[in-house]
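> sequence first, then the predicted structure:
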Amino acid sequence: MADSATLEAVNIDNEAGNFTYPEDYEHDAGYGLTADTIDYISDIKKEADWIREFRHKALKSFNNKPMPTHWASKDLENIVFDNIRYYLSKGQKPTRSWDEVPDDVKETFERLGIPEKERKFLAGVEAQFDSEAAYSNVKESLEKEGVIFVNSTEGLREHPELFKKWFGKVIPTGDNKFSALNSAVFSGGSFIYVPPGVKVAHPLQAYFRINAENFGQFERTLIVVDEGAEVTYMEGCTAPKFETATLHSAVVELVAMKDAKIQYITVQNWSNNVFNLVTKRGMAHENAEIRWIDCNIGSRLTMKYPGVIMKGRKARGEVISIALANDGQHQDTGAKMIHAADETTSNVVSKSISVGEGRSTYRGQVHIPKHLKGCKNNTECDALLINSNSRTDTYPAITVRGNQHATQHEASVSQVSEDQIFYMQQRGLSEGEAMSLSVNGFVNDLVREFPMEYSVELKRLIDMEMEGSVG
Amino acid sequence: MSQTLNIQNLHASVDGIEILKGLDLEVPKGEVHAIMGPNGSGKSTLSKVLAGHEDYEVTDGRVTMDGTDLMELEIDERSREGLFLAFQYPHEIPGVSNANFLRAALQARLPEGEEIDAVGFYKEMYAKMDALSMDRKFTGRAVNDGFSGGEKKRNEILQMMMLEPSYAILDETDSGLDIDALKIVAEGVNRMRSPERGFLVITHYQRLLDYIVPDVVHVLFDGRIIKTGDKELAHELEEKGYDWLTNELVAV
């Protein structure tokens, strides 16, 4: 098939789904990052001294840390930290009733396609509009059970004893340069606490978006699920297109106590100029289970390696991920599985798709030390290349010491063949439709892991990526 | 408007080597034409050229389907216009279920904004699968993925039955089939025979034509039709071999 035709068939329509609103910010910390920026944020948020202190320490750590050169692409060097605004806010307090939500924010929800009835069905919605939560609603039944679902600012203010105990414990400030940056300027994100034995029936959801040029978003999420409790959290992102780079650097910490279960689901569709540098890690205590289900579409560069530290006996960790890299995009994703107790089990299944000159990289780290016994890891990573100039790399680092463990690793690279497309076209599908169906087929078994509404959205996103400009 | 698949003076090459060298053929609706020929005579090239495979360059000639110039259409447009090719080696599409694939193919034939009636679709598919003795589990399996040779060919016929083309080309559908599968496939094709549909059955062996009895038999050799006759021609070829004709050709 002609290369130009393929490119046309799979080329993303950058205008599809884009939307912007006039910028209208009450609080703005200005450009660049100094100790004054930190104080400005802390003042606005009326934070306790220990948090202010925490932020200042983090800033020092950020300034002292080098860029993660050994893992990252050179593209990171293009981030000009001085050109970024680190705090923007509408200055509004999180609202609990829908009536209190400003109209333009509601309009944004409309454009994001969150259906009215879904909002009602959701157990609680924590939707972030820029730095502050614009809308936060926890159903009464959840509150009665003692479940806390608020934004991180409110979590810090209202539940300091819970927050402080786990905050920064799973991901230390100095874990990497970007976790330090987040720790210095974090704003927004969710705080969730589920008391012992409470199984939250409906997934908790949060929608994020960025709406300002050069605006870095640094949300901070902490989810603590107590003994025998269970929760599913879902986040989805969409962002409008900008001329210059936008930095997104979140930190997400999960704590699953004994016998607890956490499932964290992400579907992200960033615009082409976003640097998405995220640190996500969970700590699973005895017989607890943490699952990261992650889908990354878009962005200029995504670096994200969700991890699980299996700290208690029989703890389980899982990362299921889908990445799609189109022209000018680099998806550098993977998983970190740290086995720190006997009979712990981890599973990593990763599928990536590279389109045009898109590049996808899998980096996996599995660590099983010698003194443990009965640990298991399974790693599978499959890459699909759409064009001859697409690129994929796999860097699995599996360190297993001792002989009482079981590990297995499988990797594959495949290409959508011209003959496969010819076959599908002969049945009446256009080249774009055929390509889209092939790609959806490739990720199909993983898409099933996503809740229904997300899997539908995901298919739609893949379709948009694959047939954007086919008329 | 003529109700035929009409091929005139077709020349086609692949990688600069001419394979079809002035092929003439006409398949009117309602008829089954068989094309036989030795290996390398251009049988599969003909099917790929008609379907529009981009590896094959048409250098001369004309192909019309009910008066429409086929060569002006894209691969998928030819399909939607009513041309079906049952592949000699059907492709696998991992992760895409047979049901979804068929649905997408049928959906592609509907006008924008119209949706397929899911209930009717499944009802029709199940009925046609029953006719081909296909287990219903096939609907959930990925297209041709892990299928045996016989299952793949049966799946091709199912697709043909669902898409109801005006003209169907069967490219060596008998290859890799045992006699039971061959009978089932042939029965499926025979049920599809109608005054509204033309068939071009490409085969190396006469065996298939015992079950799909052709109206006309053509012999393809070196990129041209060198002989045309009735079904008896197939038997004659089976008896005497292709050498009988090709030697004759050389002698002339």
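Okay, I see it.

> tally of neighbours for the residue in chain B positioned nearest to chain A?
The minimum distance from chain B to chain A, using Cβ to the nearest Cβ, falls at residue B:95 (3.0 Å). (Each C-beta comes from the backbone N, C-alpha and C, glycine too.) Other residues lying near residue B:95 total 21 when counted by other Cβ atoms under 10 Å in any protein chain shown.

> could you do residue B:117 as well?
As a burial measure, the neighbour count of residue B:117 was computed by other Cβ under 10 Å and equals 10.

> what score does it have for pLDDT?
You'll see residue B:117 listed with a pLDDT of 91.

> then residue A:116?
In the prediction, the pLDDT value recorded for residue A:116 is 51.

> is residue A:383 in a helix, a strand, or coil?
Each residue gets one of three states, and residue A:383 gets strand by DSSP: H, G, I helix; E, B strand; the rest coil.

> nope, residue B:200 is what I meant
Assigned state for residue B:200: strand (three-state reduction, three-state DSSP).

> residue contacts, residue B:23?
The neighbourhood of residue B:23, defined by Cβ atoms under 8 Å, 6 or more residues apart in numbering or on different chains, consists of B:7, B:9-11, B:42, B:46, B:61, B:220, B:223-225.

> closest to residue A:349 among these?
When the contacts of residue B:23 are compared for distance to residue A:349 (Cβ to Cβ), residue B:46 wins out at 44.2 Å.

> please verify my assumption that the closest one contacts residue B:33.
No: between residue B:46 and residue B:33 there is no contact, the gap being 11.7 Å when judged by Cβ atoms under 8 Å.

> between these two, which has more neighbouring residues?
Taking residue B:46 and residue B:33 together and counting by other Cβ under 10 Å, residue B:46 has the greater number of neighbours (27 against 21).

> which element, helix or strand, includes that one?
Residue B:46 is part of helix B:43-51 when elements are defined by DSSP states H and E.

> run the chain-centre distance for that helix.
Between the centre of helix B:43-51 and the centre of its host chain there is 9 Å, according to Cα atoms, centre = their mean, to the nearest Å.

> and for it, what's in contact with it?
For helix B:43-51, contacts defined as Cβ under 8 Å, 6+ apart pick out A:422, A:426, B:7, B:10, B:12, B:14, B:19-20, B:23, B:35, B:37, B:55-56, B:58, B:63, B:70, B:75, B:78-79, B:83, B:85, B:88, B:169, B:171-172, B:200, B:202, B:204, B:220, B:223.

> who does whichever helix or strand comes after that helix pair up with?
Moving toward the C-terminus from helix B:43-51, the next helix or strand (DSSP H and E) is strand B:56-65. Paired strands of strand B:56-65, with direction, are strand B:4-14 (antiparallel), strand B:68-69 (antiparallel) (DSSP bridges).

> could you identify which of those is most buried?
Neighbour counts (mean count of other Cβ atoms under 10 Å in any protein chain shown) averaged over each of those peak at strand B:4-14, with a mean of 19.

> alpha carbons of that strand, as PDB, please.
Provided in PDB are the C-alpha atoms of strand B:4-14 (Å, rounded to 0.1, in the frame of the first residue of the first chain):
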ATOM      1  CA  THR B   4     -22.000  -9.300 -16.700                       C
ATOM      2  CA  LEU B   5     -18.500  -9.300 -15.300                       C
ATOM      3  CA  ASN B   6     -16.700  -8.400 -18.500                       C
ATOM      4  CA  ILE B   7     -12.900  -8.700 -18.900                       C
ATOM      5  CA  GLN B   8     -11.300  -7.500 -22.100                       C
ATOM      6  CA  ASN B   9      -7.700  -7.800 -23.200                       C
ATOM      7  CA  LEU B  10      -6.500  -7.700 -19.600                       C
ATOM      8  CA  HIS B  11      -2.800  -7.200 -19.100                       C
ATOM      9  CA  ALA B  12      -1.300  -7.200 -15.600                       C
ATOM     10  CA  SER B  13       2.200  -7.500 -14.200                       C
ATOM     11  CA  VAL B  14       3.800  -7.900 -10.800                       C
END
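
> mean confidence for it?
Mean pLDDT, taken over the full extent of strand B:4-14, equals 97.

> just stretch A:292-308 next, same as before
Taken as a whole, stretch A:292-308 carries a mean pLDDT of 92.

> do the same with stretch A:367-382
Averaging pLDDT along stretch A:367-382 yields 94.

> was I right to think residue A:465 contacts residue A:322?
No: Residue A:465 is not in contact with residue A:322 according to Cβ under 8 Å; the separation is 11.7 Å.

> host element of residue A:233?
Applying DSSP H and E, one finds residue A:233 within strand A:230-238.

> could you give the mean pLDDT of that strand?
Averaging pLDDT along strand A:230-238 yields 79.

> C-terminal to it, what's the next element?
strand A:246-248.

> which strands or helices does that following strand pack on?
Secondary structure elements in contact with strand A:246-248, counted by 3 or more Cβ pairs under 8 Å, 6 or more residues apart in numbering or on different chains; DSSP states H and E, are strand A:274-284.

> what's the spacing between the strand it packs on and its chain's center?
Averaged over its C-alpha atoms, strand A:274-284 has a centre that lies 6 Å from its chain's centre (Cα atoms, centre = their mean).

> which ones are touching residue B:76?
So residue B:76 contacts A:425-426, A:428-431, A:434, B:108 (Cβ under 8 Å, 6+ apart).

> show the buried residues in the residues you listed.
Members of the contacts of residue B:76 that pass the buried threshold by neighbour count (16 or more other Cβ atoms under 10 Å in any protein chain shown) are listed as A:425-426, A:428-431, A:434, B:108.

> nearest to residue B:155, of those residues?
Distance ranking of the buried ones among the contacts of residue B:76 against residue B:155, using Cβ to Cβ, places residue A:426 first at 13.7 Å.

> can you give me how far stretch A:325-340 is from the chain middle?
The mean C-alpha position of stretch A:325-340 is separated from the chain mean by 11 Å, Cα atoms, centre = their mean.

> what residues does chain B have near chain A?
Residues of chain B found near chain A (Cβ under 8 Å from any Cβ of the partner chain) are B:51-54, B:74-76, B:78-80, B:84-85, B:87, B:90-96, B:100-101, B:104-105, B:108-109, B:142, B:159, B:163.

> looking at the stretch 151-300 of chain A, which residue is nearest chain B?
Nearest residue of the stretch 151-300 of chain A to chain B: residue A:295, at 15.6 Å (Cβ to the nearest Cβ).

> those strands in chain B, which residues are they?
For chain B, the strands defined by DSSP state E cover B:4-14, B:17-28, B:32-36, B:56-65, B:68-69, B:83-86, B:93-97, B:142-143, B:167-171, B:198-203, B:216-221, B:224-229.

> now do the same contact list for the residue of chain B closest to chain A.
For residue B:95, the contact set (Cβ under 8 Å, 6+ apart) comprises A:440-445, B:142.

> recalculate using a threshold of 7 Å.
If a contact means Cβ atoms under 7 Å, 6 or more residues apart in numbering or on different chains, then residue B:95 has A:441-442, A:444-445, B:142 as its contacts.

> still on that earlier bit, so the residue of the stretch 151-300 of chain A closest to chain B sits against residue A:324, correct?
No: with contact defined as Cβ atoms under 7 Å, residue A:295 does not count as touching residue A:324 (8.1 Å).

> now chain A against chain B: closest residue?
When scored by Cβ to the nearest Cβ, chain A has residue A:441 as its residue closest to chain B, at 3.0 Å.

> point to the residue nearest the middle of chain B.
When chain B is reduced to its mean C-alpha position, the closest residue under Cα atoms, centre = their mean turns out to be residue B:169, at 1.8 Å.
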